[in-house]
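S.K.: got a predicted structure plus its sequence, pasted below:
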Amino acid sequence: MEPTATVQRKKRILSGIQPSGTPTLGNYIGAMRNWKMLADEYDCFYMIADLHTITVRQEPAKLRAQSTQMLALLLAIGLDPEQNVLFFQSHVHQHAEMAWLLNCFTYMGEMSRMTQFKDKSAKHADNINCGLFTYPVLMAGDILLYQADLVPVGADQTQHLEICRDIANRFNGLYSNVFTIPEGYYPKLGARVMSLQEPTRKMSKSDPDDSFIGLLDTPDVVRRKMRRAVTDSETEIRYDPENKPGVSNLLSIYCALTGESMDNVVASFSSKGYGDLKNAVADVIIDTLSPIQTEFHRYMADKSYLESVWRTGAERASRIAERTLSKAMKKIGFVAK
Ligand code: TRP
């Protein structure tokens, strides 16, 4: 019998992160720290979604600084730029072009139903621009350009992934199979980190400063935010997210960062008070963030290295993006160059 010579292509992962401020500890625990481990098994693309960011008004200098910082952070959390394709969305012009094509295959009604659009237009009532409305189409293009099999997304993006699949299926139905239909990727290890001030809500960088830990927060800031973290009027340390959301959140941060089991952790705090718990959580956060911050500052001091990373990333990304874009354009009926 013939040996099977086909080497299976690794499945491809694409994810995007907006450079709108420093990511939080929640982004790190829920998503970013898993990215490093995916590189062996998957073909990974991580895109800094700067085009998405301008759906909300941005200050130019700040956008530029935050975008560069985001790249340095991706490197600092351990993403190897050889193994992973790291790039800025705005450096690969095919994203904007694909978004235009897909806009013509997406219905107003579909976009009006998007909960994020409804939330954001309520929040930015003075700037409900068309980009905000078609944001999910740009995101669909991001994913489809790379023929991604899997997309790691948080709960707030599942609706966008769903619409991406609908658009892709619609296009494929009209023109034969152009796009891979992506699926969500949900890491097993993804603990959900809640706000330190309102622990029934997800930790978010758009909430007041004291309610989240930023990946670049200094040890002093981490300790201060921990001291102020909301708990409850009891004294017992136990994991009970429903009745004790604040304490439970601190416990799950502790578990997520140490890898210890909840039972062991709760037992080890059995004779201790909330102050001890807060100190211990602050310690493990600082231990986690310190090496990342050291690396971050090292990368930020080496602009020419960062530049070489983003250039290489854009070249690798655009080669693949161009293949998909020209295929789609040909199917639609545009005259070939
Ligand atoms: N919209 C995503 C967010 O705000 C970021 C994003 C842009 C993205 N393009 C993507 C995520 C493609 C996954 C895949 O979180």
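M.R.: The structure has been received and is ready for your questions. Numbering: from 1, shown residues only.
S.K.: got any ranges where the stretch 1-150 of the chain has weak pLDDT?
M.R.: Low-confidence segments of the stretch 1-150 of the chain, defined by pLDDT under 70: 1-7.
S.K.: quick check: residues of it near the ligand?
M.R.: Proximity of the stretch 1-150 of the chain to the ligand, by CB under 6 Å from any ligand atom, involves residues 14, 15, 16, 18, 49, 52, 139, 142, 143. For the C-beta atoms, the positions are set from N, CA and C on the backbone; glycine is no exception.
S.K.: so residue 193 makes contact with residue 31?
M.R.: No - under the contact definition of CB atoms under 8 Å, residue 193 does not touch residue 31, with a separation of 10.6 Å.
S.K.: shared neighbours, those two?
M.R.: Residues touching both residue 193 and residue 31 (CB atoms under 8 Å, 6 or more residues apart in numbering): none.
S.K.: off-centre distance for the host helix or strand of residue 161?
M.R.: When elements are defined using DSSP states H and E, residue 161 is found to belong to helix 158-175. Relative to the chain's own centre, helix 158-175 is displaced by 21 Å; criterion: CA atoms, centre = their mean, to the nearest Å.
S.K.: which one's more surrounded, residue 193 and residue 31?
M.R.: residue 193 (23 against 17; other CB atoms under 10 Å).
S.K.: quick one: the longest helix anywhere in the chain to helix 158-175, angle?
M.R.: Taking DSSP state H as the assignment, the helix of the chain that covers the most residues is helix 303-332. Angle between the axes of helix 303-332 and helix 158-175 is 40 degrees (criterion: axes from the mean of the first three to the mean of the last three CA atoms, to 10 degrees).
S.K.: for the stretch 151-300 of the chain, what spans make up the strands?
M.R.: Remark: strands of the stretch 151-300 of the chain, listed N- to C-terminal, are 183-185; assignment by DSSP state E, counting those that start in this stretch.
S.K.: around the ligand, which positions in it sit nearby?
M.R.: Where proximity means CB under 6 Å from any ligand atom, the interface of the stretch 151-300 of the chain facing the ligand comprises 151, 153, 157.
S.K.: filter the residues you listed to the buried ones?
M.R.: Among those, those that count as buried by neighbour count (16 or more other CB atoms under 10 Å) are 151, 153, 157.
S.K.: what is the lowest-pLDDT residue among these?
M.R.: Here the lowest pLDDT out of those sits on residue 153, with 84.
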